[in-house]
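A.B. asks: Fold the following for me, if possible:
(one chain, ligands or ions: 1)
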Amino acid sequence: MPEIAIARFAHEGNSFSPLLTPIDCFRSGEWAIGEEVPKYYRGSKTEIGGAIAWLEKRPAWKPTFLRCTAAPSSGVLAAGVFDAIIGEITAGLSKRKWDAVFLSLHGSLNAVEHPHADFEIVKRVRAIIGRDTPLAVSFDLHANVSQAEADIPDIVVGYKCHPHTDMAETATKALDILERRIRGEVKPVAVIVRADAIIPSLFARTTDGPMAEVKQIAADIEKKYGLLDLTPYQGYAYADNEAAGASAWATADGDRALALKAATELVREMNKRRPLLFKKLPTAAEGIARALAAKDGPIAVIDSADHTGAGGIGDTPGLLAALVAAKPTKPTAFAFFHDPDLVAKAQAAGIGGRLEVRLGGRLTALFGPPVEAEVTVGHLSDGKFVNVGPVHGGLTNDLRGCARLDFVGLPISVMITGICHDTTDDNFYKAANIDLSKLSVLAVKAKNQFRASFGGTFREMIDIDAPGPAAYDFSSFPFKKAPKTLYPLTR
Ligand SMILES: [Zn+2]
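C.D. replies: So this is what the prediction gives:
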């Protein structure tokens, strides 16, 4: 009866966010341990959901669920957060000898003490479980990876899909290889070859375009050489560490030279497509003007510079300012601002209550001043909902209060939430009683995951670039640790 320990510690840390991430962001996100874990994740399209389904087909295996936690992408982990969470996991691991360990990580964890924190996790875990206990890891494809890190676990498998619709499959693949490793059928060896750029993720979807080609090429190379896995990591553009940038991670069965050959072939294809990933985007005003001029809606205007899934803070006001300046005459909505005090004020005023408000620009003045407005409270809710879409489907969420504020004199509704949360699920909007199909324009802080959920809802999605911690054009951001040999830092 193989005894396997399972833990999850996943977060993507934006080095350029003005805010650090406290442990509360994890506690209010995914946060489960022991028997809570299967209860929370069973049936969900997540790595732990995938691991549970995998284990249920293997009744001889005895799983122990250690701390499983994840928070939406945000700033670097504040002092002590990393140690608190990894300390809980390593304490659990040190209780006994394991036959196997599986870790669900992101790959771009970024703590003030450890900018390349996933490397620190695998080092600490390996030190406890010993060299002989097989260790499998799953990563997001936005992981910033290094060879030193690759040399520690036995198996690492990354997502192949962006938007991330293959979280459960990624865990399953890692566990399949882990099982073969335990039986002595395979000896995984991993080689990383780094690409020549830090790439923005906006045009790096794997559903279409250059990275869809790269995904297919990786699958072909994996098959051609009989590799255990070949993952093209796109990397996370806003993490400033020495592992920054895209790379190819090949895992072969015992043949390091073959892994090197495969990763080199794949990186060549990634480098070739680099120019297609850097484009000129419209400004917020240009995007809004185009959307309002469209004959039929709904149209989404997407500001990824403050996208929660890329370390946004739910606070940059640029896109709303452009919408207000355009004086729309058709129904529009803006999602969202993270402002718990404003949610409380709206609750105190009640439905129909009238308020003078300052929207956005609350946490920092770096990205523009707040938008001042007179509004009425259009809807209030507790902000609790279950995802119904393809991303994190089945997971429960708690916005800790939600309000819809309707502008006086303009058809603009603004969604205010008690926490900073992603905008990728239809039920997120229902928390504010916003019916997307009735809008002409939705101005939204979002990115590619949004497209996975709403491709059928909007007639058009217009990407814009505005000031924010995850701005599309990051070439002038103050990178200090990332290699300056990587494009666009070479510009
Ligand atoms: Zn990702």
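
A.B. asks: what's the helix or strand for whichever residue of the chain sits closest to the ion?
C.D. replies: Of all residues in the chain, His142 sits closest to the ion, at 3.6 Å by CB to the ion. Heads up, the C-betas are built off the backbone N, CA and C, glycines and all. Following DSSP states H and E, there is no helix or strand that holds His142.

A.B. asks: Gly378: what secondary structure?
C.D. replies: Under the three-state scheme (DSSP: H, G, I helix; E, B strand; the rest coil), Gly378 adopts strand.

A.B. asks: What count of nearby residues applies to it?
C.D. replies: Gly378 has 19 neighbouring residues, counting by other CB atoms under 10 Å.

A.B. asks: so it makes contact with Ser413?
C.D. replies: Yes. Taking CB atoms under 8 Å as the definition, Gly378 is a contact partner of Ser413 at 6.1 Å.

A.B. asks: Find residues that contact each of those two.
C.D. replies: Arg404, Leu405, Asp406 (CB atoms under 8 Å, 6 or more residues apart in numbering).

A.B. asks: need those in JSON lines with distance to the ion, pLDDT and neighbour count, can you?
C.D. replies: Converted to JSON lines, the shared contacts of Gly378 and Ser413 look like this (distance: CB to the ion, whole Å; pLDDT from 0 to 100; neighbours: other CB atoms under 10 Å):
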{"residue": "Arg404", "distance to the ion": "29", "pLDDT": "98", "neighbour count": "25"}
{"residue": "Leu405", "distance to the ion": "31", "pLDDT": "98", "neighbour count": "29"}
{"residue": "Asp406", "distance to the ion": "34", "pLDDT": "98", "neighbour count": "17"}
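
A.B. asks: Tabulate those (a markdown table), appending distance to Met167 and secondary structure.
C.D. replies: Formatted as a markdown table, the shared contacts of Gly378 and Ser413 follow (distance: CB to CB, whole Å; DSSP: H, G, I helix; E, B strand; the rest coil):
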| residue | distance to Met167 | secondary structure |
| --- | --- | --- |
| Arg404 | 31 | strand |
| Leu405 | 34 | strand |
| Asp406 | 36 | strand |
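
A.B. asks: Can you show me the helices along the stretch 101-250 of the chain?
C.D. replies: For the stretch 101-250 of the chain, the helices defined by DSSP state H, counting those that start in this stretch cover 117-129, 147-150, 167-182, 210-224.

A.B. asks: Identify the residues contacting the helix or strand bottoming out on mean pLDDT in the chain?
C.D. replies: Here the helix or strand of the chain ranked lowest by mean pLDDT, DSSP states H and E is helix 448-454, holding a mean of 85. The contact list for helix 448-454 (CB under 8 Å, 6+ apart) reads 162-165, 201-202, 204-205, 207, 300, 302, 309, 389-391, 422-426, 436, 444, 461.

A.B. asks: Please, a PyMOL command that selects the buried ones among those residues?
C.D. replies: Restricted to buried positions by 16 or more other CB atoms under 10 Å, the PyMOL selection for the contacts of helix 448-454 reads:
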select buried, resi 162+163+164+165+201+202+204+205+300+302+309+389+390+391+422+423+424+425+426+436+444+461
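
A.B. asks: Among the contacts of helix 448-454, name the ones in strands.
C.D. replies: Assigned to strands by DSSP state E, the following of the contacts of helix 448-454 qualify: Ala300, Ile302, Val444, Met461.

A.B. asks: The second one reaches Val441, doesn't it?
C.D. replies: So the one you mean is Ile302. No. Using CB under 8 Å, Ile302 makes no contact with Val441, being 11.2 Å away.
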